[in-house]
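Student: Fold the following and give me the result.
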Amino acid sequence: MAEREREIKLEVRAPDALEELARRPAIAGFALSPVETRDQEDLYLDTEDLLLFAAGVALRYRRRSGILKATLKEISEREGRGMLQDRREIEEVLGEGGVPKGVVGDTVASLVGDAKLLPILRLRTRRRVRQVVASHCTVAELCLDEVEVFPAGKEAQPSDAEPLGRFCEVEVEEVADGSDVLTAVGEELLASPHFGPSLLSKLERGLDLLGIRGPFVGRGPGELSTDPASFRLPGGLTAEELERRLSSRFQAVSSPETVEAKTFHDSFDWRVHRSGGSYETAGFGPRRVHLWRDAEGRVRHRLCHPGDPGFPADLPPGPLRSQLAAVLSMRRLLPLVDSSVRVRTIAVLDDEEKTTVRVRIESGTSALCEGGELHELEPRVTIAPLRGYDRERRRVVGFLREKCGLLPAATGELAHALEPHGRAPGDYTSKFELLLDPAMPARDAARAIHLSLLTTMLRNQEGTRRDLDSEFLHDFRVALRRTRSALTQIREVYPEVDVEQFKQEFRWLFLETGPKRDLDVYLLKMEVYLAELPEEIRADLDPLQEFLERRKKLAHDRLVSALDSERYRRLVEEWRSFLTGAPAGSLLAPNAERPVREVASERIWRVYRRMRRRGWAIQEDSPAAALHDVRIRGKKLRYLLEFFRSLYPEEAVGRLVSELKRLQDNLGDFNDYRVQRRSLQRFSAEMAEEGSASVRTHLAMGRLLAHLEAGQAAERKRFAKRFDRFASQENRKIFARLFSQGEGS
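Tutor: Modelled structure (predicted):
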């Protein structure tokens, strides 16, 4: 009969934390017994393709006091801030041969059939046990584990063997039912920065050190040793007919149909996808499962957490959260598409009735999240090979192509779910990418550039209005800034009267969206600024944070009013009509019919020379306005290089853009410090006027002001070196070769 095991697991983040726990007389109001030390070695077994792990269980052999026991336990998801496990386990004593023949053996056989069990991992643990006592009764065991991980082998590792890796863990296992000891002890330990929720089992940690990433239920890593092949069913070929044909050619066994329902998530600009992976959720409520897969479909991280992921900070602390934050930065994970797939799996067997290939026949529906229409997914077949059976896989794939007429399909579940909606992973980027013909008229090129930028603005419009994350407004304003720059820098391709009209309207829109963006930047950088200030004064800046949040709300309301206004609607409509309507004659726009490469080269060369002269003129005592002027000219130059990048050799232009970006980063940081100093002085005065800041807050703001001043001074010192590098003779020769068209410098 299965027993239930309730315990909490915590990872140890400081080397001395275990020793401190070993010395403590009590924890969370419970007394602790003296330490009892146990040394144990565990052997984990599974099939070659990890069928047990894929089914969500672990098989462990452990010898204690001369008795060898086999334990089969669930690899449970965590509850209670990511640390509480409530799982079933079954156990039996092993006889001769070390093969489980009782309840453990029967359960394993039902999961893996006749697949051979192999040792996959050894763990050597030094466990220090302390009884947790209440009213003279033991209510839990506190286990302080120091674990060494070894590759599996038939024999135990020598005592002096070097492990693959080590980790420390704290387990608290409930002994008396109905006790609140787990919650109490867990909350006390989590209050310390030295402990955090352990989101992986010991087996998962060990497999991670071996380089094995186990997937979610239904697919083992062995299936993904070779990229799966995906195919579309030709018209008229049903799943039943395909199964019949497979069975007539191969020895095959089918499994009952299952349903896989999940939601795929990513940031608006596909940061998870571009990092080589996908993020999905399945299930509801407290058992909602989050899976972060790598490019091959293996699970990189798994977490049980209610609701959608949102920002990384919304997830429990742990490896998934920290690594996701590194990928997403300030972006939010958004639900993209819901998928419900019916799966019929056919196992192709060899002469010994071992599975060599799994054929998945998939059909179902998908809908874009937040009100998208439901679309039928095109039925497809996925061939999942097992490690060591590549020849068999090729035979099955050849048969399906030649005898069944299967056609290649989009690979990957996310791509398959998006396909009927005309979407594809990675179909948006904030980077400007446009392929131009060097001989095309400059007016046509300018129109193509402006239409691309308008598309970017409109794609970010709804996210900006809803304030889903700060990057929607950032990308909206970058597209707006580029639009204004192209309007004035690609000269004489539009009639001047039209340029002036739209210049004024886009300036209005830029000013309306500026205050919200300024506050976004301030709040984003506050975390960095706080980390660089003494810890004892950080809390004194909480009123400033609250003040900024209130101002941000007001600025956002103003921004939404602008986007909802008749003036904005008319601007978008008239701008689109201007870009797609019949063009004005060339008399009103002298450069309109000239080849775009000629016009682009002239302008880039002129802007570069002027920026270079202004930069060389800057001295140590030059005012900040002089550096700001160089920054603006550099921004115009960079936009021109990006607009017309496809007209020139990529390697050369790429080098110039990289050098310019380094200089811009320096000038941008210098300007940010300058603007934020002025803003902070204004905020201080406004907070004093409304009485929302104490003396301590004003003193802390003074410290922050000094920090901003020091940062600005440091960036000012870096300018000369950065500019010298950008304006070097070597870079000048590249500019001249690409853009001068024979002009002097």
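Student: hey, let's count contacts and neighbours off CA atoms from now on
Tutor: OK.
Student: For the stretch 1-150 of the chain, just list every one of the helices.
Tutor: Applying DSSP state H, counting those that start in this stretch to the stretch 1-150 of the chain gives helices spanning 17-23, 51-54, 103-112.
Student: I'd like the average pLDDT over the first one.
Tutor: Read it as helix 17-23. Mean pLDDT, computed over helix 17-23, is 89.
Student: Run the chain-centre distance for that helix.
Tutor: Relative to its chain's centre, helix 17-23 lies at 35 Å (CA atoms, centre = their mean, to the nearest Å).
Student: and if you look at the last one?
Tutor: Helix 103-112 sits 38 Å away from the centroid of its parent chain (CA atoms, centre = their mean).
Student: Touching that helix from outside, list them.
Tutor: Residues from elsewhere that reach helix 103-112, judged by CA atoms under 8 Å, 6 or more residues apart in numbering: 47, 51-52, 55, 70-72, 90-92, 99.
Student: who wins for proximity to Leu182 among the helices of the stretch 1-150 of the chain?
Tutor: helix 17-23 (15.7 Å; CA to CA).
Student: Would you mark the buried spots in the closest one?
Tutor: Residues of helix 17-23 classed as buried: 17-18, 21-22 (neighbour count, 16 or more other CA atoms under 10 Å).
Student: per the record, what domains does the protein have?
Tutor: For the chain, automatic domain parsing gives the domain ranges 3-209, 221-421, 442-594, 596-745.
Student: Let me see the mean pLDDT of the last one.
Tutor: By that I understand domain 596-745. For domain 596-745, mean pLDDT rounds to 92.
Student: hmm, back to that, pick out the shakiest of the domains of the chain, pLDDT-wise.
Tutor: Lowest mean pLDDT within the domains of the chain: domain 3-209, a mean of 81.
Student: for the residue lying farthest from the centre of the chain, helix, strand, or coil?
Tutor: In the chain, Leu587 marks the outermost C-alpha relative to the chain mean, sitting 51.7 Å out by CA atoms, centre = their mean. Leu587 falls in the helix class when you classify it by DSSP: H, G, I helix; E, B strand; the rest coil.
Student: and it, how far is that from Val493?
Tutor: 10 Å (CA to CA, to the nearest Å).
Student: Going along the chain, name the helices of the stretch 401-550 of the chain.
Tutor: In the stretch 401-550 of the chain, the helices defined using DSSP H, counting those that start in this stretch lie at 413-418, 442-466, 470-489, 496-531, 535-538, 542-563.
Student: would JSON lines of these with distance to Leu233 be doable?
Tutor: Below are these laid out as JSON lines (distance: least, CA to CA, whole Å):
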{"stretch": "helix 413-418", "distance to Leu233": "14"}
{"stretch": "helix 442-466", "distance to Leu233": "34"}
{"stretch": "helix 470-489", "distance to Leu233": "40"}
{"stretch": "helix 496-531", "distance to Leu233": "49"}
{"stretch": "helix 535-538", "distance to Leu233": "62"}
{"stretch": "helix 542-563", "distance to Leu233": "46"}
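Student: can I get these in a markdown table with distance to Arg232 and mean neighbour count?
Tutor: Formatted as a markdown table, the helices of the stretch 401-550 of the chain follow (distance: least, CA to CA, whole Å; neighbours: other CA atoms under 10 Å):
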| stretch | distance to Arg232 | mean neighbour count |
| --- | --- | --- |
| helix 413-418 | 11 | 21 |
| helix 442-466 | 32 | 19 |
| helix 470-489 | 36 | 21 |
| helix 496-531 | 46 | 15 |
| helix 535-538 | 59 | 13 |
| helix 542-563 | 44 | 17 |
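Student: Among the ones you listed, which comes closest to Phe726?
Tutor: Closest to Phe726 of those is helix 470-489 (CA to CA; 21.4 Å).
Student: got a list of contacts for the closest one?
Tutor: 330-331, 430, 446, 450, 453-454, 456-458, 460-461, 463-464, 467, 499, 503, 506-507, 510, 513, 517, 520, 603, 636, 639-640.
Student: what angle do that helix and helix 442-466 make?
Tutor: Interaxial angle of helix 470-489 relative to helix 442-466 (axes from the mean of the first three to the mean of the last three CA atoms, to 10 degrees): 150 degrees.
Student: you'd agree Arg271 is up against Ser329?
Tutor: No: checked against CA atoms under 8 Å, the pair Arg271 and Ser329 is beyond contact range at 9.4 Å.
Student: Between the two, point out the one with more neighbours.
Tutor: Arg271 (21 against 12; other CA atoms under 10 Å).
Student: so who does the more buried one touch?
Tutor: By CA under 8 Å, 6+ apart, the contact set of Arg271 is 327-328.
Student: That one and Gly285: what is the separation?
Tutor: Applying CA to CA, the value for Arg271 to Gly285 is 26 Å.
Student: which SSE is Thr361 in?
Tutor: Not Thr; residue 361 is Ile. Using DSSP states H and E, Ile361 maps to strand 355-368.
Student: what's the answer for Arg716, then?
Tutor: Assigned by DSSP H and E, Arg716 falls in helix 695-726.
Student: mind saving the C-alpha coords of the helix or strand that that helix is followed by as CSV?
Tutor: Using DSSP H and E, the helix or strand that follows helix 695-726 in sequence is helix 729-739. Taking C-alpha atoms only, helix 729-739 is exported to CSV below (Å, rounded to 0.1, in the frame of the first residue of the first chain):
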residue,chain,number,x,y,z
GLN,A,729,41.3,57.1,-39.1
GLU,A,730,40.6,53.5,-39.7
ASN,A,731,36.8,54.1,-39.3
ARG,A,732,37.0,57.3,-41.3
LYS,A,733,38.4,55.3,-44.2
ILE,A,734,35.5,52.9,-44.1
PHE,A,735,33.0,55.8,-44.0
ALA,A,736,34.8,57.4,-47.0
ARG,A,737,35.0,54.2,-49.0
LEU,A,738,31.3,53.4,-48.5
PHE,A,739,29.7,56.9,-48.6
